[in-house]
Every structure is written in C-alpha cells, then in structure tokens.
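Participant: here is a sequence with its predicted model. Questions after.
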Amino acid sequence: MRYHFWYVLIHIGLGVVGYQYFTFTNIGGIYAFGAALIVQAYAIYEIHRDAKPKFDASLQSAESFRAAEEMKTDYRKRLGRLWLTRSCMYALLTLLSTMAVRGGVEQ
C-alpha cells in the first residue's frame with residue numbers, strides 16, 4: 001500500500017488524542033472500531049480508485065453477463081472483507097497506542 005504508513009500514524013494519533021475515550025472496555029472498543037471504520041473507509045476508496053481501471057479491463061473479458069455480474073459481486077465482497085479486516089487491525093492499533101499513552105493502567 002502506498003499510504004499504509006500514514007494510516008498507521010493517523011491511528012496512533014487517534015490513540016494519543018483520544019486516550020480518555022478509547023479504553024479496553026466494551027464502549028471504548030466500540031469507539032475505537034467506529035473511528036477505524038471511518039478512517040479505513042477512505043483507505044478502501046483509495047484502493048478501489050486504483051484497482052477499478054484494472055478491474056474494468058478484466059470485466060471486458062467476461063464470457064457472459066452472468067459471469068460479469070459474478071465478478072462484480074466478488075469484487076465488492078473482497079473490498080468489504082478488506083475494509084472489515086483493516087478496521088479491526090487499526091482499531092487494535094488505536095487501543096494499543098492509547099494504552100501506551102496511559103501507561104497501561106486504567107484511569
């Protein structure tokens with residue numbers, strides 16, 4: 001990924017700034033996951049923007065309309081899974097950076 005480093009810094013920054021909200025509790029985890037969903041939505045948009053021309057080129061080689069629709073469905077599923085996976089990873093990174101700011105002790 002071209003911008004992976006910047007997303008790491010964004011989530012570490014979120015953990016540093018929002019250390020009162022992102023805690024290892026149920027609600028803190030939900031807040032961190034919500035923030036990760038929002039930030040990673042743009043990351044998935046960037047991936048889609050870069051991959052879409054290549055996908056459209058491969059879509060032209062589909063054997064039938066049904067095959068093309070199946071390819072589109074698979075593409076959307078892959079992007080959705082990638083969004084969920086990245087959001088989970090970065091939510092954990094946000095929580096870990098928050099824990100580092102607090103010193104690992106619940107305040």
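Facilitator: Thanks, I have it.

Participant: can you give me the neighbour number for residue 6?
Facilitator: 11 (other CB atoms under 10 Å). Placement of C-beta: from N, CA and C, glycine included.

Participant: which strand or helix spans it?
Facilitator: According to DSSP states H and E, residue 6 maps onto helix 4-17.

Participant: same check, this time on residue 41
Facilitator: Counting by DSSP H and E, residue 41 is found in helix 26-59.

Participant: mean confidence score for the next helix or strand after that helix?
Facilitator: Scanning forward in sequence from helix 26-59 by DSSP H and E, the next helix or strand is helix 65-102. If you average the pLDDT over helix 65-102, you get 92.

Participant: from the chain's centre, how far out does the helix holding residue 41 sit?
Facilitator: 5 Å (CA atoms, centre = their mean, to the nearest Å).

Participant: buried ones in it?
Facilitator: 28-29, 31-33, 35-37, 39-40, 43-44, 47 (16 or more other CB atoms under 10 Å).

Participant: equivalent analysis for stretch 6-18, please.
Facilitator: Per 16+ other CB under 10 Å, stretch 6-18 contains these buried residues: 7, 10, 11, 12, 14, 15, 18.
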